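Asker: Next one to model:
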Amino acid sequence: MADPSPDLLKSLAHLLGFMKYPEDESATPYLEYIIEQGRDDAAINDYIRLFKDVVEYFANSHNDPTIGSYIFFHIAEPNHYYFNDPPSSDTRADDVTDTILYILGIWTLMKRYFEALRGDLRHVVWAYCIHNGKPVSETFALGETLPWLLAGSRLLPSGEQHRYGAKKDGSSAVEPIEVLLKPFATPDWSADEDLKAALRSFIAACTSTSSLVSCAALLDLTSSLQLHASLDLIESLFIDPSVLNAFKLLTLANVHIHWMDNISWHLLLSIYDQQYYLEVFALPSAIQDGGENIFHKIGISRKLMDEIQDSYAALFNPQPPSYLHNRLGKLVELRFWCW
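Answerer: Below you'll find the predicted structure:
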């Protein structure tokens, strides 16, 4: 892959909110991540130009453009600098849809949610339609603006989503499972009768149990239900935040760090092959300095970004020893055996 144009990279950095780049190189890891996600068969400068166009359109437009209308613009555009298939063809439509949503996923730091994995519907589409009580439809979800799609999908952590929290009126912050799954039982859902019957059985099974995670296990839905399931035994244990860090997690609980690029999974406790991992967002440079301003425009709250940034200091800095610990340590040589 050829090196990107320095001028083009600088303009992208400024558009993303990093106005001091390249003198200030704090945005470099984020920019390198963006470049690495580009398709191998595309000219890197054309990819950066398209990335810039997407960001500028959704961050700076005053018309609240829908995602679908922007995708249609690129589908119909003749002599496109990036897409080579004939305008308005099915191939062009698929390529444009996949690429634009892929770029939105990279930019919003939730790439996996915007990808159609193994031919399935995109995670963000599932979540948005389910939480809005509608049949699962990509056309419906992409008929929203980007901020509304992110907010409506509820994939970003917030106080209102807490499993054991409550809304201001005192009601539960999590809808009953039968409400979340109502779209599957609607009579106009486009599926054959056997599939409808199977889905009705699934709903009946879910409404007979109190566990959201049990319902998700019955049908492997790529929805936000799986990301905010009930706490298990190890997750419900309590450690004083003032003494918790990555070293203690590894030493006392054998919890390893798993670096990932999904901002909504930050500090999520996961299990792979019977081993616990703490998911840690690997690109804090993306939400620093001016970067947080551009994210705020598309509905990613500053409070969330501040909490993520603050978490690194607690996670990777050791607890400062107390005055008494220092004095006694010098007397009995604690530094040789006390961690």
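
Asker: buried stuff in stretch 84-101?
Answerer: 92, 93, 95, 96, 97, 99, 100, 101 (16 or more other Cβ atoms under 10 Å). Every C-beta, even on glycine, is put in place using the N, C-alpha and C of the backbone.

Asker: Make CSV out of these and add secondary structure.
Answerer: Output for the buried residues of stretch 84-101, formatted as CSV (DSSP: H, G, I helix; E, B strand; the rest coil):
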residue, secondary structure
92, helix
93, helix
95, helix
96, helix
97, helix
99, helix
100, helix
101, helix
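
Asker: which one of those residues sits closest to residue 111?
Answerer: The closest of those to residue 111 turns out to be residue 101 (Cβ to Cβ; 9.7 Å).

Asker: so that closest one touches residue 122, yeah?
Answerer: Yes - using Cβ atoms under 8 Å, residue 101 is in contact with residue 122, at 6.7 Å.

Asker: Overlap in contacts, the two.
Answerer: 114, 115 (Cβ atoms under 8 Å, 6 or more residues apart in numbering).

Asker: In the stretch 201-339 of the chain, where is pLDDT below threshold?
Answerer: Where the stretch 201-339 of the chain drops to pLDDT under 70, the residues are 201-243, 318-339.

Asker: Now do the strands in it.
Answerer: 256-260, 269-272, 275-281 (DSSP state E, counting those that start in this stretch).

Asker: Would you indicate which residues of the longest one are buried?
Answerer: Within strand 275-281, the residues that count as buried by 16+ other Cβ under 10 Å are 276, 277, 278, 279, 280, 281.

Asker: how does the chain divide up, domain by domain?
Answerer: 146-230, 241-282+301-336 (automatic domain parsing).

Asker: And residue 316, how far from residue 261?
Answerer: Note on residue 316: its distance to residue 261, by Cβ to Cβ, to the nearest Å, is 18 Å.

Asker: These two: who's more crowded?
Answerer: Set residue 316 next to residue 261 and count neighbours by other Cβ atoms under 10 Å: residue 261 wins out with 17 against 12.

Asker: Show the contacting residues for the more buried one.
Answerer: Going by Cβ under 8 Å, 6+ apart, residue 261 touches 33, 109, 111, 281, 282, 283.

Asker: from what I can see residue 137 touches residue 129, true?
Answerer: Yes - if you go by Cβ under 8 Å, residue 137 and residue 129 touch, sitting 6.2 Å apart.

Asker: So if I had to pick from these two, which one is more boxed in?
Answerer: When residue 137 and residue 129 are compared for neighbours, residue 129 comes out ahead with 21 against 16, by other Cβ under 10 Å.

Asker: Mind telling me what element that one is part of?
Answerer: helix 123-131 (DSSP states H and E).

Asker: Ramachandran angles for residue 254?
Answerer: Per-residue torsions, residue 254: phi 60, psi 40 (degrees, to the nearest 10).
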